[in-house]
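Student: Please find the sequence and the predicted model below.
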Number of protein chains: 8
Amino acid sequence: MSEEPTADLGFARVDLDRERRTGDPEVVYAAGKTPDQVVAILSRLHRAHPERAVLATRVSDEAAAAVAVGLPEAAHHVDARAVTLGQFPTPQGRVCVVAAGTTDGQVAAEAALACRVHGADVETITDVGVAGIHRLLAVRDRLDAADCLVVVAGMEGALPSVVGGLVGVPLIAVPTSVGYGASFGGLAALLAMLNSCAPGVTVVNIDNGYGAGVAAGRIARQSNRSAGSGPR
Amino acid sequence: MSEEPTADLGFARVDLDRERRTGDPEVVYAAGKTPDQVVAILSRLHRAHPERAVLATRVSDEAAAAVAVGLPEAAHHVDARAVTLGQFPTPQGRVCVVAAGTTDGQVAAEAALACRVHGADVETITDVGVAGIHRLLAVRDRLDAADCLVVVAGMEGALPSVVGGLVGVPLIAVPTSVGYGASFGGLAALLAMLNSCAPGVTVVNIDNGYGAGVAAGRIARQSNRSAGSGPR
Amino acid sequence: MSEEPTADLGFARVDLDRERRTGDPEVVYAAGKTPDQVVAILSRLHRAHPERAVLATRVSDEAAAAVAVGLPEAAHHVDARAVTLGQFPTPQGRVCVVAAGTTDGQVAAEAALACRVHGADVETITDVGVAGIHRLLAVRDRLDAADCLVVVAGMEGALPSVVGGLVGVPLIAVPTSVGYGASFGGLAALLAMLNSCAPGVTVVNIDNGYGAGVAAGRIARQSNRSAGSGPR
Amino acid sequence: MSEEPTADLGFARVDLDRERRTGDPEVVYAAGKTPDQVVAILSRLHRAHPERAVLATRVSDEAAAAVAVGLPEAAHHVDARAVTLGQFPTPQGRVCVVAAGTTDGQVAAEAALACRVHGADVETITDVGVAGIHRLLAVRDRLDAADCLVVVAGMEGALPSVVGGLVGVPLIAVPTSVGYGASFGGLAALLAMLNSCAPGVTVVNIDNGYGAGVAAGRIARQSNRSAGSGPR
Amino acid sequence: MSEEPTADLGFARVDLDRERRTGDPEVVYAAGKTPDQVVAILSRLHRAHPERAVLATRVSDEAAAAVAVGLPEAAHHVDARAVTLGQFPTPQGRVCVVAAGTTDGQVAAEAALACRVHGADVETITDVGVAGIHRLLAVRDRLDAADCLVVVAGMEGALPSVVGGLVGVPLIAVPTSVGYGASFGGLAALLAMLNSCAPGVTVVNIDNGYGAGVAAGRIARQSNRSAGSGPR
Amino acid sequence: MSEEPTADLGFARVDLDRERRTGDPEVVYAAGKTPDQVVAILSRLHRAHPERAVLATRVSDEAAAAVAVGLPEAAHHVDARAVTLGQFPTPQGRVCVVAAGTTDGQVAAEAALACRVHGADVETITDVGVAGIHRLLAVRDRLDAADCLVVVAGMEGALPSVVGGLVGVPLIAVPTSVGYGASFGGLAALLAMLNSCAPGVTVVNIDNGYGAGVAAGRIARQSNRSAGSGPR
Amino acid sequence: MSEEPTADLGFARVDLDRERRTGDPEVVYAAGKTPDQVVAILSRLHRAHPERAVLATRVSDEAAAAVAVGLPEAAHHVDARAVTLGQFPTPQGRVCVVAAGTTDGQVAAEAALACRVHGADVETITDVGVAGIHRLLAVRDRLDAADCLVVVAGMEGALPSVVGGLVGVPLIAVPTSVGYGASFGGLAALLAMLNSCAPGVTVVNIDNGYGAGVAAGRIARQSNRSAGSGPR
Amino acid sequence: MSEEPTADLGFARVDLDRERRTGDPEVVYAAGKTPDQVVAILSRLHRAHPERAVLATRVSDEAAAAVAVGLPEAAHHVDARAVTLGQFPTPQGRVCVVAAGTTDGQVAAEAALACRVHGADVETITDVGVAGIHRLLAVRDRLDAADCLVVVAGMEGALPSVVGGLVGVPLIAVPTSVGYGASFGGLAALLAMLNSCAPGVTVVNIDNGYGAGVAAGRIARQSNRSAGSGPR
């Protein structure tokens, strides 16, 4: 563990102490940062935490290219718009990421990657929107077997309510900005998820796959269900 | 049919010509009117259209009591907060009103009554919220057999999307103000229904069971499906 | 009919079973999909439903060009931003699409095409905004003769209220994003239509010509009015 | 005219100079004031302007009772929830107040009274909602003959657009809070009026009959149209 | 005057009858129209009303260039983003357009031009924002001498309230989208103007200089004040 | 376990199958139900699940009195506005409920009771608002020792962000409607929590202590951390 | 000063340490607390800080009566809905509270009392709304002489912009909920103040006179202007 | 000081009198102005106030380049998007600008520069977001030593509440538009700051570093605390 709790890079003061406090290293939110800054922060975080992967999200093509040059050992996860540097931790517990439509795929991929970086195994099921409910019913057992669910949907955001009525697994809903008109940039899906009639649904910000993945990773990796003996 | 297109009652000018133009008599929206006014307008409309029921909606207990005294032949539909005066028309076609929860019952009852007054037969199915999807799947055949569906739901308003994915029957969604907090008086359900991923869902105002019933009644009574030979 | 209910294209799982459930094939919402994906899904849907037209909406110029190369037998409906592949079904019933202004034309065209693809005949009347009410009154008979109306308007969205007071035909209102300032992207028109004082007006999402067309097509094709003997 | 521009009543500093600056005396907005305060301010304003009526709006039953006792010469206009004290000025020009429904009556009455107090003659036409457009067309000549129009409507607020397309008279639209659900307390009507496709429509606050009356009174009393020779 | 009330240009049905109904010719809202369409409509309107100027607003640089080529006798009013074709009418009455800041200039110029086209004389006063109140007080006499005022302001939209307290001239407030953050595209100014404590302020849509000009032109040209004998 | 998946009580169809699907019995949301209905549903649920407590939330004083008479063995939890009937399950795992202020107490109590009913042990810490950060720092160890956190706050809703930066325990944030003015009924706190800069914060509806308790109970009872050997 | 930083009253944990940290004792926000709780907290705070006044705001009539009985030495400030217990501190610096209308009086009184409790002298000027600008100009010197201004206004909230353009004194604007319709509970005034074109205006929550008074008290009591030698 | 209170530049009327009224020269808000206009206004203001720096904010790269050519003695403050011309005044008092994250840096820099131009010394502390509260506690003494604080934060906007609970220094909160989804362009942070539970927090518009700097500069330069003898 790092001696110094904070690393001053001039343009940012990186929190190196987060892992000690919370069990997870700080993550680079790359939007609004220059490619060089992304490379520099990733590099510094990796030096502080060489034993496990560090993560950058919302990585532009330009920043990804800079990372490819400056940190050739880093991995670019194109579908998730993200970069990782270092080994993934040994997974504990399993998260199932469920997405309503193909256009929700980027958010789902970000969630899945964040789960993996934060220590859980992950499985992804896509294109199970509520307008074709048979597709969802067909995968009920896989939903029930997970330690935590991340359910991603845009438009009317109804999927978490249906899933939350099928199984009692902890469930994190992610509204996406997919839609138009009275979707108001994801507001419709967000409100729907907050008002879910299925008990126990919790919600994150619009398009915040990362935040859902962190929460799900924490829940799954401390779960005793995967061992087969857990209560429900 | 009335000779005069408008009846001037002093406090209101009643449109007696609507039936000729649209096939339906004018309806009394009783909210904001005094009990005496409700009685007077109902009476006048009945005189113009003695052959078929006239309808008053959003009837307060006070107005219902005044109607019971002044128009003893009127029927008070308590669950729909409504009053009718005159015979229902012979039904043509059938509407199925589907409600997500018990608390949506008043809006569903208003919709069902409006369907009946506007000339269609009606069947009501309640308590089939999406958090217990098996209850809905069990009635799929009844949904499919209708000439038009009215789907009523509050909170996250997800029910029309699921129903709309099961059958291709014309579907009118009614958001209700059931909920609290970020439901914002039914706004969440309204936005969800407007953004439904199931194609062909149309929507009316929050708690507007009456409007949905009028639309469904018109669609059903001109339908050739009930005869068993209709296309789909 | 297809043997498999779902076709897995890698990037999407296409619902081939929708026609059996709802009477209509799935439609490609092309926004957010690559030109190649649009071509692939159209092609796969056409293979599953060779006997009737499949539809792609919100098709960009790039996607339309790709379709022209990859599926030369497809038709590009420029004014509706849409592509169809296959024969239109024999029309049953007739929808009248009414638009307030010329700038509402694209949404009206999408609605008209969707009606046709979903099995109804269609007639379009444009430039009949309420600020020149004589233009609307002059076409009252054509409105009354339809099996279903689709009324398209932006800005203050008043047209459905006036039309809905003239005739009793089932009416679907489509708010458009035409306007500026306090139009708030079509919100003003949407709210106006939801609050229409004309009974029986139902509403779809802002700019959702497609959804209105699906609903109107279903209503019209099951109508017995066109035969001249229908009730009103 | 008063010597002092302001009268200090302890609980309020009454602007006695407004008439000199603007041609109109200050008006008492009685909401939120005690009955005694309403009586005191009316009395003081009347003393400063004995030659013409002073006005109090939004007068509660309690305040009206206190005025009846303390200022027996005052007139209580029940339908407008208002009180006047003193003679109306000789009218110049004529305003036509047009209301969509009976429930808009209180706002229309407040507007009409304000017109009269501010120096114009006034005529009121009610129950001419757009869902029965023939009622409006029947009064077109009366609309055209006015020096200014005040058009009052709740729900979808479409009436000003239709009226504004019929005649070129200056037109002030007043949205009312009549409605429910997605009316959002009059917001739907307000937005509709602000987005009117009829050129030249101006708008005041929701339920602000008084403000519309002041504006219309000013416009009408300086008009040369009533004399028959005015341009249009 | 034209024989036909409507001219069908294929892409639009131009209302040639508006002048007979309202005293003003139809105006071309050029936003969303192609340069060729703008030229065609202007040309057709001018043919119907050769005796007075026709107006196109929100004219892009491209459309203006096309007009310069196709209608060389047209005048391009750059500061108002507008084009006129034909002689201005002889002015009757005078409007004073008042703008808070330099960035409100384009909206003020559009208002002024619309006044002129609709028959009134016009004077413009700029840069008299309320944060330097002395600039406004210095022009009080010019404000008082007008037949109608158009007051244009963005940001907090306070100017109409101050002006409306200084003089009793009919006043139309125009909120602009000038501002950022919690201005929400002009919403802050719009709400402020609707809630003005100065009686008689009426409001148009955000950035709608044209609508304000039409209303003000109508009010001013029928005014008898300019003749020196008018009441106030 | 019940044989029938649904019990029809006439006014409601109670879902008796939820426990089998999700591990939790259905809960009575008493708001909007009559006292007799609350008693009847509680009684029926208890009969189906005699081995563990059933719960009614948002219980009015009237309903609580009816329960006291009809189901004397039930427990009334006044501070949580709730009633339980039957034994609490043996707790597994521990939830820590943290509340910012005393006025958030009712929501916190509802959350704590729901945790207990859903199978987890619970500890509550109150009055640790961020404006006195020392109070929060003093209890850091207790926060870190929990299997799940529920963080309740109104007004600016900042508490979850600070807590989420101190420990890496799964965290569910509950915005409350405590506040006034620009709190907009809890909207300010809701938006703040959705935008938390602390990773992994998930959110439920305004005042939804129950939903947070269900989610936290599920997370805690499957946790292996309490045993002392869990990863973080 | 108290030995313990927090006093646990069972229903609340009172922060006794705030004075040491911030220079001001904690204040009782009485809304939502029982009369007994208000008495108990006031009593405990007074014991901890006997040398200076403690304050309770938003005190209901019931709570005020309980205080009158339980703490007879307390002072009830009826116009500010507040109670104080203990001596006011010797004032340093002077705040001028300026209110637009009489209905803003309660908020202004709360602000003035908070200033006084937090150590500054205070002067109040009322009824200087912008629609009568001469009333404001007449007091310009008093505004300029203050160490800090608190400017209170409802409706369009324009007063801070005008005052902020007259003098360079630190200025805190307080929007009030006075208004109706599109005031949206004070939102219009709040947005206006946030968008003020006068530089240096800062804003507090709607109706938050207390918060403005705390801020103004702090600014004034550290000011060197009152001594006559301060820079501007 | 200038003889003329206003300088007419043709395109703008520059207020040269502001310094006399308020102690501060007018500032150029460069957004929406051409590079040439920015140069001209800066030049004119500098001529009127040669003894102290004049400021232009929101300066685009193009405008900055034009200033570099036309006014080579001007200083370009890149991080603040601003230009100054002339000597900074001798500082009196000290402001501490505190920013939550690196992406809030531009707003913080604008605030700091405005403080300096308006006469106060300034210190900036960045990257002290509430999710790492130890970073903030480490600088408590520096916060306490300032005459005024400017606290800048986006996303959930929690930082002012925490800082406002630590020290009693006058505090101005600046919400930024940093965030996405339910941040709604800074609305979430704005509402949070307006609802702060820390007493005495005042707020400016989203991203309005300049306004905060003006207010803080005025507060700090009149402070007697820096001298070591001030009260708290």
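Tutor: Everything's here; your move.
Student: C-alpha from now on. contacts and neighbour counts both.
Tutor: Will do.
Student: where in chain A is pLDDT low?
Tutor: By pLDDT under 70, the low-scoring segments of chain A are A:1-4, A:226-232.
Student: In it, mark out all the helices, start to finish.
Tutor: Along chain A, the stretches classed as helices by DSSP state H are A:18-22, A:35-48, A:61-70, A:105-117, A:133-137, A:140-145, A:159-166, A:187-194, A:209-221.
Student: now the residue nearest to the spatial centre of chain A: how far from chain B?
Tutor: Chain A has A:Ala111 as the residue nearest its centroid, 2.2 Å off, counting by CA atoms, centre = their mean. In this view, A:Ala111 and chain B are 23 Å apart by CA to the nearest CA, to the nearest Å.
Student: so who does that residue touch?
Tutor: Applying CA atoms under 8 Å, 6 or more residues apart in numbering or on different chains to A:Ala111 gives the contacts A:97, A:150, A:208-214.
Student: ok, of those, which one's closest to C:Thr6?
Tutor: Among the contacts of A:Ala111, A:Val97 lies closest to C:Thr6 (CA to CA), at 20.1 Å.
Student: Give the full set of residues in contact with that closest one.
Tutor: With contacts taken as CA under 8 Å, 6+ apart, A:Val97 has the following neighbours: A:108, A:111-112, A:122-125, A:149-152.
Student: could I get the residues you listed as JSON lines with distance to B:Tyr29?
Tutor: Output for the contacts of A:Val97, formatted as JSON lines (distance: CA to CA, whole Å):
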{"residue": "A:Ala108", "distance to B:Tyr29": "48"}
{"residue": "A:Ala111", "distance to B:Tyr29": "50"}
{"residue": "A:Ala112", "distance to B:Tyr29": "53"}
{"residue": "A:Val122", "distance to B:Tyr29": "55"}
{"residue": "A:Glu123", "distance to B:Tyr29": "54"}
{"residue": "A:Thr124", "distance to B:Tyr29": "51"}
{"residue": "A:Ile125", "distance to B:Tyr29": "49"}
{"residue": "A:Leu149", "distance to B:Tyr29": "47"}
{"residue": "A:Val150", "distance to B:Tyr29": "46"}
{"residue": "A:Val151", "distance to B:Tyr29": "43"}
{"residue": "A:Val152", "distance to B:Tyr29": "42"}
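Student: Nearest to chain D, out of these: which one, please.
Tutor: Using CA to the nearest CA, A:Val152 comes nearest to chain D of these, at 27.8 Å.
Student: Counting neighbours, what do you get for the residue of chain A found nearest chain H?
Tutor: Across chain A, no residue is closer to chain H than A:Ile206, which sits at 4.8 Å (CA to the nearest CA). Residues near A:Ile206, counting by other CA atoms under 10 Å in any protein chain shown, number 27.
Student: Does it touch A:Ala188 like I think?
Tutor: No - between A:Ile206 and A:Ala188 there is no contact under CA atoms under 8 Å: 10.1 Å.
Student: tell me the domain boundaries of chain A?
Tutor: Following automatic domain parsing, one finds the domains of chain A at A:6-85, A:94-227.
Student: just the ones you listed: most buried one?
Tutor: domain A:94-227 (a mean of 26; mean count of other CA atoms under 10 Å in any protein chain shown).
Student: mind listing what A:Tyr210 touches?
Tutor: A:57, A:107, A:110-111, A:114.
Student: actually A:Leu171, sorry about that
Tutor: Here A:Leu171 is in contact with A:148-151, A:160, A:164, A:200-202, F:215 (criterion: CA under 8 Å, 6+ apart).
Student: The residues you listed: which ones sit near chain B?
Tutor: The residues of the contacts of A:Leu171 that also fall near chain B, by CA under 8 Å from any CA of the partner chain, are A:Gly164.
Student: Dump the contacts of A:Leu171 to JSON lines, plus distance to G:Ala31.
Tutor: Putting these into JSON lines (distance: CA to CA, whole Å) gives the following:
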{"residue": "A:Cys148", "distance to G:Ala31": "41"}
{"residue": "A:Leu149", "distance to G:Ala31": "41"}
{"residue": "A:Val150", "distance to G:Ala31": "40"}
{"residue": "A:Val151", "distance to G:Ala31": "40"}
{"residue": "A:Pro160", "distance to G:Ala31": "37"}
{"residue": "A:Gly164", "distance to G:Ala31": "38"}
{"residue": "A:Gly200", "distance to G:Ala31": "31"}
{"residue": "A:Val201", "distance to G:Ala31": "32"}
{"residue": "A:Thr202", "distance to G:Ala31": "30"}
{"residue": "F:Ala215", "distance to G:Ala31": "31"}
